[in-house]
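[1] coords please:
(2 chains)
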Protein chains: 2
Amino acid sequence: MISIRGYIERLSLRAKEASVLLGRTPTAVKDRALLAMAAGLESGRRQILSANRRDLRAARAKGISGALLDRLMLNPGRIDEMARGLREVAKLPDPVGELIHRWSRPNGLKIAKVRVPIGVIGIIYEARPNVTADCAGLCLKSGNSVILRGGSEAIRSNRAIFRRLESAALRAGLPPGAVSLVSTTDRRAVEFLLGQVGVVDLVIPRGGEGLIRQVVAKARVPVIKQYKGVCHTFVDEGADLKMAEEICYNAKVQRPGVCNAMETLLVHRRAAPSFLPAMARRYLEAHVELRGDARTRRILKGLPVRPAAEEDWATEYLGLILSVKVVGSLEEAIGHIRRYGSNHSDAIVTRSKPRADRFLREIDSACVYVNASTRFTDGGQFGLGAEIGVSTDKLHARGPMGLEELTTYKYLVTGQGQVRK
Amino acid sequence: MISIRGYIERLSLRAKEASVLLGRTPTAVKDRALLAMAAGLESGRRQILSANRRDLRAARAKGISGALLDRLMLNPGRIDEMARGLREVAKLPDPVGELIHRWSRPNGLKIAKVRVPIGVIGIIYEARPNVTADCAGLCLKSGNSVILRGGSEAIRSNRAIFRRLESAALRAGLPPGAVSLVSTTDRRAVEFLLGQVGVVDLVIPRGGEGLIRQVVAKARVPVIKQYKGVCHTFVDEGADLKMAEEICYNAKVQRPGVCNAMETLLVHRRAAPSFLPAMARRYLEAHVELRGDARTRRILKGLPVRPAAEEDWATEYLGLILSVKVVGSLEEAIGHIRRYGSNHSDAIVTRSKPRADRFLREIDSACVYVNASTRFTDGGQFGLGAEIGVSTDKLHARGPMGLEELTTYKYLVTGQGQVRK
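    You can find the predicted model right below:
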């Protein structure tokens, strides 16, 4: 009988040992490994697609369909995308060793705060096999060992991808254990991984709220997470209503299934009568279901607007549903967002600088927008080059997380014999 | 019957509400409040000392003595020190609102990363009543509400200090709930506090390893902690042995009961014969008990050196005991520290720049020293102005934590109608 606990312990310790070497691996070696991994995916396309077909067959046999099946599916284009992603990460500047700050003390001690890798990072994710390559690339570039644990539906695809990544990484000179895949689908593996205190330095769960809540409930190691994105747009009185319409349409409709899409539209009561009817018609044409408060439904009388229930205000629909509320003031909008929001991304459309500033100051979200769509909350859109995820936590990292957010720092203190008086 | 759970929930929610207001309170108002709090402690000296005498009486009646009683004891000098501490924090720059980084995107979006308070911070501590004032000052200055939970032995002193702090803060214009004290000694209060997910944003436990492990085991909110300081000094071959002696003496003897004191001395085998005998005699004169490995005991034959057991290498003595080991190489020293250390503070004494650089790079501790005493790991010594503690965690904050470490950031994104393509 194989002990799952022992397997995870060995995997984690090997990753820890690798992280010591990886932390001092030169940028050029890491970049060469990333390029080799990209080439490995391309040359292994046939094996990866064949493994993926077996995953898809098994998934269909289990009755899986629709969006989940689409997320699981690979094709040559998606493999090329993974390879391109690795090549792009290779081009990004290496955050490791960066001097954050340096100063001297009156006693002559020199203190340098420098950026270092976190150590061992576990990634727990669901059906998308491309996460395997994307996360491996970002963790390795930032000098971290990575332990990957994907969903059981994707196990064959993940194993095939991992085999190509690992052999390329080893040949390029990365230490064994720099990248690992939990190759069992036994659910206890996740629990043991989440209990590797002092060995696994950070776990990032990527997936739906259910997965994330499970991880948080069981984790004894640090976790950075994004629970959900209940994102708001507030259309202020006096806003440019044409601009507001474009922003609100984009935030809801352009890609409704993602965390930075808008879920609740708040409209100032003075803007509502002129703004809401045209906006609502545009939404309805795009097949957006509207759920409104009493004032919204009065203004939109004659249009199909269901009454919004209390739970609507806190719901991440991840689809073509929008809750709409008319508010009496900027304060009411801020209060609503503070109460029901998820500290992810919230926007105001306004012409008033003081009101914009107040919104920016008082909304306690990772990303606060003025006159732009919340859909920009994304590492690529922010110019970070890539992202390992978005954090709705407040500690360590908030919002889009790129390479820099996969590092920590240490203090290097150099003296000439100083002792404390 | 009072519900402890309800009490903690109300306290936490009130702190959350206060944090919204506190986050936008001008620096001048916060500083005025800190100065008023300092004056309040001074003018309340008589009441505070009288409450403290009752705590001391109760502690003696319970058989408490020695170091714990000393930590509990206040006198006019210690009250002055608390007041001075608050005045010093008032003088420090306000981290809130600081622009960390600003850039523009090709589409014209302007992104600013700005420093903001974390929100509500809980401090769980033991017998020292001065922590009440010190932590309140640091949290308020950084714009955070603070919930204080001190040890039950100090409850009367803490209540008296808190009354002065709170009334001064309110009169100076801080919102009610900006500073709170858990005024019950019921242990369940801590558990409920540690479960206030989404309300309490961070808990910092301050005290012995036992307290910290209890907090970590029960916490469902984020915790930043310092487990222990098993700090090392490695005396390299070719080191300036006179400098090494001063550093090693200082690191062990100057104040042995604190986290940044040395617990293990590592000596390169080529330095050991000339270094250890004189060093050992100096330690023995200072009443330091020595525990050595076989090579150390051979070199120090005739001197009272007990054999070190395996567990000695991982022990934080917090007293006049030192474990000593002779190592064959720099690698062995680094390996030993990585295995037994606590990622706190470790030092090398060397004349070789490449070996110093290797030590700095490969030791995975918050603070790594070359030719200086580990005793400098301290917010004041680092020039942070003050410290709320030292972190041995890797996420969010490492090493001495000052005002900046009590903040997080958010992204302010300003556009002119940008939508995502």
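[2] Downstream of the longest helix along chain A, the next helix or strand is which one?
    The longest helix of chain A (DSSP state H) is helix A:4-22. Per DSSP states H and E, the first helix or strand lying C-terminal to helix A:4-22 is helix A:27-43.
[3] Look up how far residue B:420 lies from whichever residue of the stretch 151-300 of chain A sits closest to chain B.
    Using CB to the nearest CB, the closest approach of the stretch 151-300 of chain A to chain B is made by residue A:250 at 3.5 Å. All C-beta spots, glycine's among them, are computed from the backbone N, C-alpha and C. When distance is defined by CB to CB, to the nearest Å, residue A:250 is 6 Å away from residue B:420.
[4] what residues do these two have in common as contacts?
    Taking CB atoms under 8 Å, 6 or more residues apart in numbering or on different chains as the contact rule, residue A:250 and residue B:420 both touch A:373, A:375.
[5] coming back round to it: ok, and what's touching the longest helix of chain A?
    Contacts of helix A:4-22 (CB under 8 Å, 6+ apart): A:30, A:117, A:119-120, A:140, A:143-147, A:174-178, A:180, A:182, A:184, A:186, A:188-189, A:192-193, A:196, A:199-200, B:338, B:362, B:364.
[6] Are any of these buried, and if so which?
    A:30, A:117, A:119-120, A:140, A:143-147, A:174-175, A:177-178, A:180, A:182, A:189, A:192-193, A:196, A:199-200, B:338, B:362, B:364 (16 or more other CB atoms under 10 Å in any protein chain shown).
[7] Just confirm residue A:77 is within a helix.
    Yes. Assessed by DSSP: H, G, I helix; E, B strand; the rest coil, residue A:77 belongs to a helix.
[8] Retrieve the pLDDT associated with it.
    At residue A:77, the predicted lDDT confidence score is 95.
[9] what's near enough to touch it?
    Contacts of residue A:77 (CB under 8 Å, 6+ apart): none.
[10] any idea how far it lies from residue A:50?
    Following CB to CB, the distance that separates residue A:77 from residue A:50 is 17 Å.
[11] sec struct for residue A:68, please.
    Classified using three-state DSSP, residue A:68 is helix.
[12] so how far is residue A:207 from the nearest residue to it once chain neighbours are set aside?
    Spatial nearest neighbour of residue A:68, chain neighbours left out: residue A:127 (5.7 Å); criterion: CB to CB, 6 or more residues apart in numbering or on different chains. Distance, residue A:127 to residue A:207, using CB to CB: 8 Å.
[13] Likewise for residue A:224?
    In terms of CB to CB, residue A:224 sits 14 Å off from residue A:207.
[14] quick one: which of these two has more around it?
    residue A:224 (24 against 19; other CB atoms under 10 Å in any protein chain shown).
[15] wait, the more buried one sits on residue A:391?
    Yes. Between residue A:224 and residue A:391 there is a contact under CB atoms under 8 Å: 5.2 Å.
[16] any common contacting residues for the two?
    What both residue A:224 and residue A:391 touch, as defined by CB under 8 Å, 6+ apart, is the set A:397, A:401.
[17] Give the next helix or strand downstream of the helix or strand hosting residue A:113.
    For residue A:113, the host element (DSSP H and E) is strand A:110-117. Next along the chain after strand A:110-117, taking DSSP H and E as the criterion, comes strand A:120-125.
[18] Distance of the closest residue in space to residue A:93 that isn't next to it in sequence relative to residue A:313?
    Closest residue to residue A:93 apart from its sequence neighbours, by CB to CB, 6+ apart: residue A:403 at 7.9 Å. Per CB to CB, residue A:403 is found 36 Å from residue A:313.
[19] before we move on, what about residue A:220?
    Taking CB to CB, one finds residue A:220 at 34 Å from residue A:313.
[20] and these two? which has more neighbours close in?
    More crowded of residue A:220 and residue A:313, by other CB under 10 Å: residue A:313, with 20 against 15.
[21] what sits against that one?
    Counting by CB under 8 Å, 6+ apart, residue A:313 touches A:264, A:323, A:325, A:336, A:339-340.
[22] Buried ones in the helix or strand of chain A with the lowest mean pLDDT, by neighbour count?
    Of all helical and strand segments in chain A, the minimum by mean pLDDT, DSSP states H and E falls on helix A:66-72, at a mean of 89. Neighbour-count burial for helix A:66-72, counted by 16+ other CB under 10 Å, picks out A:71-72.
[23] Does it pack against any helices or strands, and if so which?
    helix A:45-61 (3 or more CB pairs under 8 Å, 6 or more residues apart in numbering or on different chains; DSSP states H and E).
[24] helices and strands around the helix it packs on, which ones?
    On the basis of 3+ CB pairs under 8 Å, 6+ apart, helix A:45-61 makes packing contacts with helix A:66-72, helix A:76-91, helix A:155-171.
[25] from the chain's centre, how far out does it sit?
    26 Å (CA atoms, centre = their mean, to the nearest Å).
[26] And stretch A:378-397, by the same measure?
    6 Å.
[27] go on, stretch A:356-363?
    The answer for stretch A:356-363 is 24 Å, by CA atoms, centre = their mean.
[28] pull the CA atoms of that stretch into CSV?
    The C-alpha coordinates for stretch A:356-363 follow below in CSV (Å, rounded to 0.1, in the frame of the first residue of the first chain):
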residue,chain,number,x,y,z
ALA,A,356,-13.9,60.4,-7.6
ASP,A,357,-11.3,61.0,-4.9
ARG,A,358,-13.7,60.2,-2.2
PHE,A,359,-14.7,56.9,-3.9
LEU,A,360,-11.0,56.0,-4.5
ARG,A,361,-10.3,56.7,-0.8
GLU,A,362,-13.3,55.0,0.8
ILE,A,363,-13.8,51.9,-1.3
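[29] Indicate whether it makes contact with chain B.
    Yes. Judged by CB under 8 Å from any CB of the partner chain, stretch A:356-363 and chain B are in contact via A:356, A:360-362.
[30] again, but for stretch A:173-183
    No. Judged by CB under 8 Å from any CB, stretch A:173-183 makes no contact with chain B; its nearest approach is 13.8 Å.
[31] who's in contact with that stretch?
    Residues contacting stretch A:173-183 (CB under 8 Å, 6+ apart): A:8, A:11, A:14-15, A:17-19, A:21-22, A:25, A:29-30, A:32-33, A:132, A:136, A:139-140, A:145-150, A:155, A:158-159, A:162, A:165-166, A:169-170, A:189-190, A:193.
[32] Any of those buried? List them.
    By 16+ other CB under 10 Å, these give A:8, A:11, A:14-15, A:17-19, A:21-22, A:25, A:30, A:32-33, A:132, A:136, A:139-140, A:145-150, A:155, A:158-159, A:162, A:165-166, A:169-170, A:189-190, A:193 as buried.
[33] Mind pulling up the pLDDT for residue A:207?
    88.
[34] What are the phi and psi values at residue A:175?
    phi -70, psi 150 (degrees, to the nearest 10).
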